[in-house]
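> compute the structure for the input listed below.
(one chain, ligands or ions: 1)
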Amino acid sequence: MPIYDAPTRDMQFLLHDCFDLQKYSNLPGFADATPDVIDAFLEESGKWHRDVLTPLNRVGDQEGCVRHDDGSVTTPTGFKDAYQQFCENGFGTIAMDPEYGGQGLPLALQYAVSEMTSASNQAFAMYPGLSGGAWRAIYQNGSDEQKQTYLPKMTTGEWTGTMNLTEPQCGTDLGLIRSKAVPQADGTYKISGQKIWISAGEHDMSDNIIHLVLARIEGAPDGIKGISLFIVPKFVLDADGNPGERNGVSCGGLEEKMGIHGNATCVMNYDEATGYLIGEENKGMRAMFVMMNEARLGVGMQGLAAAEVANQNAAAFARDRLQSRSLTGPKAPEQPADPIIVHPDVRRMLMDSRAFVEGARALTYWTAIHSDLADKAEDEGTRQKSDDYMALLTPIIKAYQTHKGFEATCDAMQVFGGSGYTEEWGMSQFLRDTKIAMIYEGTNGIQALDLVGRKLMADGGRYWQTFLQEVTEWCADNKGTSDVLDGYIGQIEATKGELQEAIQWLAANGMQNPNNAGAGSHDFLHLFGLVAMGYMWGMMTKTALEKAGGDDPYYDNKLITAQYFFSRLLPMSTTHLVRVKAGAEAMMALPAEAF
Ligand SMILES: Cc1cc2nc3c(=O)[nH]c(=O)nc-3n(C[C@H](O)[C@H](O)[C@H](O)COP(=O)(O)OP(=O)(O)OC[C@H]3O[C@@H](n4cnc5c(N)ncnc54)[C@H](O)[C@@H]3O)c2cc1C
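Predicted coordinates:
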């Protein structure tokens, strides 16, 4: 049975030492997040995730969800109870607005807890995860009445939420949506159509399910400009605001899939279901983007969480499994062979994964701090800067972290040799589960296009300029503190230079031939991801250097991992630059029929 121990020490390092959440105590909620409160949360949450949710991961994989003839869906054994406990412990409401029952604490703490949920059981994590996204979309776009009606029950977890975009003919291209909305005299709409692959679309864990549905109001313009967003509750609320009559929405089937078997992936049929418009008519995409952005950061988290749990198991296996002798002579002469952790190639896989996970965790929490600054900072300038940061970093976190997270999970499985390929050890489930993170919430290819096509040139390049300015200032402020850090700062600056070269190349060649921008987008996103990771490893190195050399080996280990990152992972940036500049010619030359 796979193990999971929440990496609370690393989380504390980031929240206390490196990013020092106390520094932001002027933001609402941050003053309450004292180190003691954070530590207590992490400890309790770590125990619960290890003891309750981790054992259910395998159960979810093996049992899956079951749809009954009446369209109801039963989740795997133990999920419903665990969900009840999850809600009672407040694990999903840490950063929600207290006005609607949330705890109002920093988002970075919520992300730490969400990482535990995703690492211990990704399929389970998606139920509260989607609810959180739906909550935020209503919070930011709903009317006061809608917020009062839906948010408190979604905060307690009594009601869950979903997002309904995809239809059989429309995945990436949401302009193709056909679901229709017919206005009614009472101001509501009748929603009809079919949505597919809807995560948590139907289940037995909550009293009501609040579906957020994209549909086209009769007579609306074609394409993306004619899409509106609706709240469609599974049970229409009665006069007292309690679930009443069953609405015209039902689960027509469950998808059989490669992984996340514990999550119900549903065909949802809407048959004149009562819906309530959120925001303005035909402005649904703007409202839905709030939910999608939240979900994209959550999915980026899934990449790092999968890599964390897979790496923990791979490290335990590598310490135990005896095969061959070390290249430099026996390390366990009393045994018939050495543990495989002595072999450099096994170390390569473990260290690649470790350096990725720790950097990605830092990037995710740092982004959470920016998200709080964007929402809550007093001055407009800080809010704008952090908003730009969020817009830029969202596609990078989603695509870079899920891609690298998948690779790291694959490497962890490789450490197990043949045992990794058998179901018994659980590594196969991690790999099967995490693959979807590269696909949903906009495929990684689409994230890369979003970065190159939209975010890069938005507002005259203000987003990336703001980000690089932040990195430049940090480098300048921290030069001269130690030789080690100076070396790393030099590397960060060089990689930043490569990124700027890539931006210039894309600006010159992407305009002239858009296929050049498309052809380079994946590598450009990964180059950007490496600059962001370099910045994080710079910050972590600085903090670890201040504390290393004492009784706690944690800081010295952090410095070794930093050395690994700067010597073996960051240099990949040069390859990405070369690939960006290779352009589209050879990529697009073969006629389609030659493939
Ligand atoms: C398990 C699971 C759960 C899901 N949960 C939800 C959910 O809760 N709600 C929901 O609404 N949807 C959900 N989805 C749908 C998911 O978001 C879509 O699968 C995804 O958006 C991609 O759409 P598609 O599968 O139709 O692929 P397509 O759009 O057909 O794309 C196929 C390939 O072409 C590429 N491609 C397409 N257009 C372009 C382009 N312009 N440039 C470059 N490449 C391009 C894509 O990157 C991809 O590699 C889920 C899917 C799965 C499998």
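> neighbours of whichever residue of the chain sits closest to the ligand, how many?
In the chain, the residue that lies nearest the ligand is Gly171 (1.7 Å; C-beta to the nearest ligand atom). Every residue, glycine included, has its C-beta placed from N, CA and C. Using other C-beta atoms under 10 Å, Gly171 has 17 other residues around it.
> near the ligand, which residues of this structure show up?
163-166, 171-172, 197-199, 257, 265, 436, 439-440, 442-443, 445-446, 449 (C-beta under 6 Å from any ligand atom).
> return the helix or strand in the chain with minimum mean pLDDT.
None of the helices or strands of the chain scores lower by mean pLDDT, DSSP states H and E than helix 284-320, at a mean of 92.
> so where do the helices sit in the stretch 301-450 of the chain?
344-376, 380-415, 418-421, 427-435, 444-449 (DSSP state H, counting those that start in this stretch).
> residues in contact with Thr434?
122, 259, 302-303, 306-307, 402, 405-406, 409 (C-beta atoms under 8 Å, 6 or more residues apart in numbering).
> distance of it relative to Tyr440?
For Thr434, the distance to Tyr440 equals 12 Å [C-beta to C-beta, to the nearest Å].
> in PyMOL, how would I select the buried members of the residues of the chain next to the ligand?
Selection of the buried residues among the residues of the chain next to the ligand in PyMOL, burial being defined by 16 or more other C-beta atoms under 10 Å:
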select buried, resi 163+164+165+166+171+197+198+199+265+436+440+442+443+445+446+449
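> from the residues of the chain next to the ligand, which land in strands?
With DSSP state E as the criterion, strands contain 163-164, 197-199, 265 from among these.
> and for the closest residue in space to Thr149 that isn't next to it in sequence, the neighbour number?
In space, Thr149 comes closest to Gly241 once its chain neighbours are excluded; the distance is 6.1 Å by C-beta to C-beta, 6 or more residues apart in numbering. Neighbour count for Gly241, taken as other C-beta under 10 Å: 12.
> next one: phi and psi at Gly241?
phi 80, psi 10 (degrees, to the nearest 10).
> what pLDDT does it get?
Per-residue confidence (pLDDT) for Gly241: 95.
> likewise Met511?
Reported pLDDT for Met511: 88.
> so after the helix or strand hosting it, what's the next helix or strand?
Here Met511 sits within helix 483-512, counting by DSSP states H and E. Toward the C-terminus, helix 483-512 is succeeded by helix 514-547 as the next helix or strand (DSSP H and E).
> now the angle from that following helix to helix 344-376?
100 degrees (axes from the mean of the first three to the mean of the last three C-alpha atoms, to 10 degrees).
> mean confidence for helix 514-547?
98.
> same question for stretch 254-273.
98.
> same check on stretch 151-159?
98.
> ok, stretch 344-353 next?
98.
> next: stretch 487-503.
98.
> what sits up against that stretch?
By C-beta under 8 Å, 6+ apart, the list of residues contacting stretch 487-503 reads 456, 461, 464, 468, 471-472, 475, 478-479, 520, 524, 527-528, 530-531, 534-535, 537-538, 541, 562, 566, 570, 573-574, 576-577, 580-581.
> what's the answer for stretch 238-245, then?
With C-beta under 8 Å, 6+ apart, stretch 238-245 has contacts from 149, 207-208, 233-237.
> just the buried residues of the residues you listed.
Using 16+ other C-beta under 10 Å, the buried members of those are 149, 208, 233-237.
> max pairwise distance over those residues: which two?
Greatest spacing in those, by C-beta to C-beta: Thr149 and Lys234 (14.5 Å).
> dump the contacts of Thr434 to CSV, plus neighbour count.
Formatted as CSV, these follow (neighbours: other C-beta atoms under 10 Å):
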residue, neighbour count
Gln122, 26
Gly259, 19
Gln302, 31
Gly303, 31
Ala306, 27
Ala307, 32
Thr402, 31
Gly405, 29
Phe406, 23
Thr409, 28
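> farthest-apart pair in the residues you listed, please.
Gly259 and Ala307 (15.1 Å).
> next up, the contacts around Gly248.
190-191, 270-274.
> contact partners for Gln414?
So Gln414 contacts 349, 420 (C-beta under 8 Å, 6+ apart).
> now with 10 Å?
314, 345-346, 349, 420-421, 427 (C-beta atoms under 10 Å, 6 or more residues apart in numbering).
> so which of the residues you listed is surrounded by the most neighbours?
Going by other C-beta under 10 Å, Ala314 tops these with 28 neighbours.
> so how far is Met205 from that residue?
32 Å.
> likewise Gln335?
48 Å.
> same question for Ser482.
Ser482 is 51 Å from Met205, by C-beta to C-beta.
> now this protein, which segments are flagged as low pLDDT?
Applying pLDDT under 70 to the chain flags no residue at all.
> which neighbours do Thr434 and Tyr440 share?
260, 302, 402.
> phi, psi for the first one please.
The phi/psi pair for Ile260 (degrees, to the nearest 10) reads phi 30, psi 50.
> so what's it closest to, chain neighbours aside?
Closest to Ile260 by C-beta to C-beta, 6+ apart is Ala123, at 4.2 Å.
> about what we covered before: can you tell me which two in the contacts of Gly248 are farthest apart?
Pairwise over those, using C-beta to C-beta, the maximum falls at Asp271 and Thr274, 11.0 Å.
> give me the three-state assignment for Gly193.
Secondary structure assignment for Gly193 (DSSP: H, G, I helix; E, B strand; the rest coil): strand.
> which parts of the stretch 1-150 of the chain are strands?
66-67, 73-74 (DSSP state E, counting those that start in this stretch).
> any idea which of those strands is most buried?
Burial of the strands of the stretch 1-150 of the chain is given as mean neighbour count (mean count of other C-beta atoms under 10 Å); strand 73-74 ranks first at a mean of 18.
> residues contacting stretch 335-349, please?
311, 314-332, 350-351, 354, 407-408, 410-417, 564, 568.
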